[in-house]
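Undergrad: missing the sequence, but the structure's below:
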Ligand code: ACM
Ligand code: ZN
């Protein structure tokens with residue numbers, strides 16, 4: 001409440017500036033100096049550049065062609081009244097100067113990357129249609145005169161995408177690379193192998209993709225994350241990898257490939273079971289996987305890894321290869337005679353040092369291939385000392401990031417509570433929450449120096465920042481990847497690029513609403529729209545849009561607003577506030593989640609007495625919990641066809657609606673994939689209420705209910721299924 005008031009005050013108090021074509025740049029440049037006049041873009045416009053920056057010239061042309069009706073000439077020497085791209089001496093890496101005057105537009109830099117970023121800034125001064133999504137046929141456009149002098153704060157500005165849990169084909173990846181480039185991001189960390197899929201063709205081991213890239217009933221990887229019984233997966237051929245690497249390089253994005261070892265290796269161990277310890281002691285990893293850890297003592301493993309990394313090193317020009325190293329379950333090592341013998345032989349102090357021993361071996365492989373090693377921050381928990389070129393990705397906490405910096409490693413800041421864009425943006429939205437709720441403002445608030453650095457000299461070890469997008473929950477609804485990335489990735493781009501002094505969240509938000517959301521829309525991104533905040537004061541519904549310019553629509557029947565729903569233009573007087581729902585809209589296409597008043601009960605739940613039974617293993621305590629709304633129970637094995645969960649009412653229950661849900665309370669993982677619901681009425685009828693859809697079914701019973709049964713029709717994926725107490729509405 002206070003926050004909103006202050007935000008509104010800040011907007012109200014800001015001087016009223018006439019919007020200029022350079023007013024709403026994201027990320028905010030280092031220095032913007034307004035000048036007098038305008039540069040007129042019209043017939044006869046040219047773009048000049050030397051051969052060395054032909055690619056940047058062609059890129060700018062392709063974008064400008066999206067908005068102009070006339071042809072644009074390409075030249076190799078500057079002409080009056082044109083745009084010229086010039087390599088000059090003496091500027092820092094990636095820095096540029098963009099000068100717009102009434103006679104010309106000049107972008108100067110000492111490297112092609114700097115020219116490219118100058119081009120990006122120029123594109124942001126154009127109508128958003130420059131990104132190609134809408135048609136525009138301008139014959140004339142005026143750029144306001146200005147000088148932008150700009151350089152990035154960090155050399156590493158990244159995005160990590162997990163393509164193992166949810167596979168994204170080449171087209172998706174190329175589009176993400178475009179979106180990154182528009183935000184001056186320059187590293188794509190491609191998480192290519194994890195438990196749930198091996199995504200890169202390795203010619204020496206075709207089995208890795210023939211088998212390891214697929215999940216489903218008869219595959220080496222069991223179904224996961226609600227994929228059910230469809231064969232699910234995919235991989236990139238080496239030809240495709242080269243194509244992506246080239247496409248990214250043209251956009252000044254370096255790709256850092258990751259193969260996650262020695263844990264998170266289910267897709268590898270599934271194909272080559274002999275790579276795991278030869279012991280049969282069950283364990284479940286942090287991610288709910290089994291059999292996903294390599295044996296450290298099997299020397300043949302290092303030959304296989306050498307062969308794999310040899311092909312990877314040849315495909316990716318980056319000097320770094322990321323070898324994972326996170327979340328290793330130690331059970332198999334603790335029970336493996338070979339791993340134990342290795343611990344003894346080298347006098348290692350338990351599994352953490354065994355982990356380091358493995359990382360040393362892999363670092364050696366990487367070095368022999370002429371590359372440097374990168375890994376998650378668990379690799380530096382022990383006192384191991386890797387080569388000083390090795391780079392650590394801090395993800396677990398501020399503390400783990402500090403540990404990496406304290407130990408002198410070059411550190412990429414990808415700390416979950418700021419940078420994990422698979423976290424929910426608000427409690428009601430889809431996503432994980434183990435690292436917290438991560439709203440836009442939280443990502444924006446990341447200030448690496450302030451949270452990680454003890455001595456000023458240490459700040460040189462912070463090479464940059466990176467957004468992480470893990471993909472367990474991204475398979476549905478469609479385009480959730482874009483929803484999770486944007487606009488939070490815009491915030492992270494500004495953290496990585498803009499100077500500390502240039503950053504201000506209120507100002508950033510203002511630039512988003514004023515123009516950048518239109519750019520995202522024109523880039524074809526289904527970005528997240530923030531919902532309004534709604535409260536009921538006893539007489540009126542008070543509706544606060546996320547920004548004064550945002551359009552909020554509403555319904556009066558509890559349904560989610562659509563693009564044709566009426567626009568809310570102020571407070572609404574009502575004696576039925578529970579029935580109203582509100583959503584923010586961007587254009588006709590994008591809308592926020594629907595919300596009701598946050599300070600009243602929107603539903604009238606009843607809590608009738610009942611007992612719950614199952615014909616599959618479920619603890620007594622869990623059965624008791626399931627007799628209450630909000631209660632949760634975990635099946636003690638994978639659900640199978642014929643498993644039934646039965647809720648029996650002590651007395652017939654009259655109600656308007658019953659909702660059956662499943663899945664882990666915060667993330668929705670481990671929901672029931674194959675089941676229908678039936679109920680019994682007081683007069684003895686059994687009625688089929690329908691099948692669960694993504695683990696949920698809501699129905700209106702035809703009479704007083706005495707029993708509800710959830711009947712499983714096929715095996716479930718995941719090692720457990722999470723069941724819930726019924727939600728029953730009056
Ligand atoms: C990680 O999130 N396990 C790096
Ligand atoms: Zn072993």
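TA: That came in fine, so what should we check first? Keep in mind the model is a prediction, meaning the values are calculated, not measured. Ligands and ions are numbered 1, 2, ... in the order given.
Undergrad: burial of residue 407, as a residue count?
TA: The local packing of residue 407 (other C-beta atoms under 10 Å) involves 15 other residues. Backbone N, C-alpha and C define where each C-beta goes, glycine included.
Undergrad: can you check residue 628 too?
TA: So residue 628, with other C-beta under 10 Å, has 15 neighbours.
Undergrad: quick one: residue 118 is in a strand?
TA: No: read with DSSP: H, G, I helix; E, B strand; the rest coil, residue 118 is helix and lies in no strand.
Undergrad: the helices in the stretch 101-250 of the chain, which residues?
TA: For the stretch 101-250 of the chain, the helices defined by DSSP state H, counting those that start in this stretch cover 112-124, 170-182, 207-210, 238-250.
Undergrad: isn't residue 165 right up against residue 224?
TA: Yes: at 7.2 Å, residue 165 and residue 224 qualify as touching, with contact defined as C-beta atoms under 8 Å.
Undergrad: ok, back up a step: residue 724 is nearest to which of the helices of the stretch 101-250 of the chain?
TA: Residue 724 lies closest to helix 170-182 among the helices of the stretch 101-250 of the chain, at 33.0 Å (C-beta to C-beta).
Undergrad: residue contacts, the residue in the stretch 451-600 of the chain positioned nearest to ligand 1?
TA: Evaluated by C-beta to the nearest ligand atom, the stretch 451-600 of the chain has residue 470 as its residue closest to ligand 1, separated by 6.3 Å. Residues near residue 470 by C-beta atoms under 8 Å, 6 or more residues apart in numbering: 162, 165, 420, 422, 432.
Undergrad: which residues touch the last one?
TA: Taking C-beta under 8 Å, 6+ apart, we find residue 432 in contact with 420, 422, 423, 424, 470, 472, 473, 666, 667.
Undergrad: now those: which count as buried?
TA: Buried by 16 or more other C-beta atoms under 10 Å: 420, 422, 423, 424, 470, 472, 473, 667, out of the contacts of residue 432.
Undergrad: need the three-state assignment for the last one.
TA: Reducing the assignment to helix, strand or coil with three-state DSSP, the entry for residue 667 is coil.
Undergrad: that one reaches residue 429, doesn't it?
TA: No: look at residue 667 against residue 429 with C-beta under 8 Å: they stay out of range, at 11.4 Å.
Undergrad: can you name the residues bridging to the most centrally placed residue in the chain?
TA: For the chain, the residue nearest the mean C-alpha position is residue 469 (3.0 Å; C-alpha atoms, centre = their mean). When bridges are called by DSSP bridges, residue 469 pairs up with residue 161.
Undergrad: please tell me how far it sits from residue 725.
TA: Residue 469 sits 32 Å away from residue 725, taking C-beta to C-beta, to the nearest Å as the criterion.
Undergrad: again, but for residue 511
TA: Taking C-beta to C-beta, one finds residue 511 at 45 Å from residue 725.
Undergrad: A strand includes residue 514, no?
TA: No: checked against three-state DSSP, residue 514 lies outside a strand; its state is helix.
Undergrad: number of residues surrounding it?
TA: For residue 514, using other C-beta under 10 Å, the count is 14.
Undergrad: so it touches residue 25, yeah?
TA: No: between residue 514 and residue 25 there is no contact, the gap being 10.8 Å when judged by C-beta under 8 Å.
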